[in-house]
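A.B. asks: how would this look folded up:
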Amino acid sequence: MLFGSIGTGFFVYGKKQRVVVPLFCGVALMVFPYFVTGTAGLIIVGAALMAIPYFVRI
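C.D. replies: Reported below is the predicted structural model:
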C-alpha cells in the first residue's frame, strides 16, 4: 500500500508536469506489488523505482 500511494503521487506529478519518467515510474510502483512476492524483493524494487526519477532526467 505504501508503494502504491507513492506511485500515485509520481503519476499525478508526471501527468501534470508532462514528464515521462515519473509518470511511468508511478505506474510501475502501483503495479509491481502484484508480481513480486517476497518482502525483500518488494523493498528493493520499490526503492529502485522511487530512485529512478531523481537520477534520470529526460
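
A.B. asks: could I get the average pLDDT for stretch 30-38?
C.D. replies: Mean pLDDT, taken over the full extent of stretch 30-38, equals 93.

A.B. asks: hmm, I typed the wrong one, I wanted stretch 15-26.
C.D. replies: 94.

A.B. asks: what residues sit buried inside it?
C.D. replies: Burial within stretch 15-26, assessed by neighbour count using 16 or more other C-beta atoms under 10 Å, is assigned to 21, 22, 23, 24, 25, 26. Yep, even glycine has a C-beta here, placed from its N, CA and C like the rest.

A.B. asks: swap in stretch 3-16?
C.D. replies: 3, 6, 7, 10, 11, 14.

A.B. asks: ok, stretch 42-53 next?
C.D. replies: Residues of stretch 42-53 classed as buried: 45, 46, 49, 50, 53 (neighbour count, 16+ other C-beta under 10 Å).

A.B. asks: ok now it, how far from the chain's centre?
C.D. replies: 7 Å (C-alpha atoms, centre = their mean, to the nearest Å).

A.B. asks: cool, stretch 30-46 as well?
C.D. replies: Chain-centre distance of stretch 30-46: 11 Å, with C-alpha atoms, centre = their mean.

A.B. asks: any idea how far apart the tips of it sit?
C.D. replies: In stretch 30-46, first residue to last residue: 10 Å (C-alpha to C-alpha, to the nearest Å).

A.B. asks: what residues does it touch?
C.D. replies: Around stretch 30-46, the neighbours that count as contacts under C-beta atoms under 8 Å, 6 or more residues apart in numbering are 2, 3, 4, 6, 7, 8, 11, 29, 49.

A.B. asks: ok, now how distant is the residue of the chain positioned farthest from its centre from residue 53?
C.D. replies: Of all residues in the chain, the one whose C-alpha sits farthest from the chain's mean C-alpha position, using C-alpha atoms, centre = their mean, is residue 38 at 17.5 Å. Distance, residue 38 to residue 53, by C-beta to C-beta, to the nearest Å: 24 Å.
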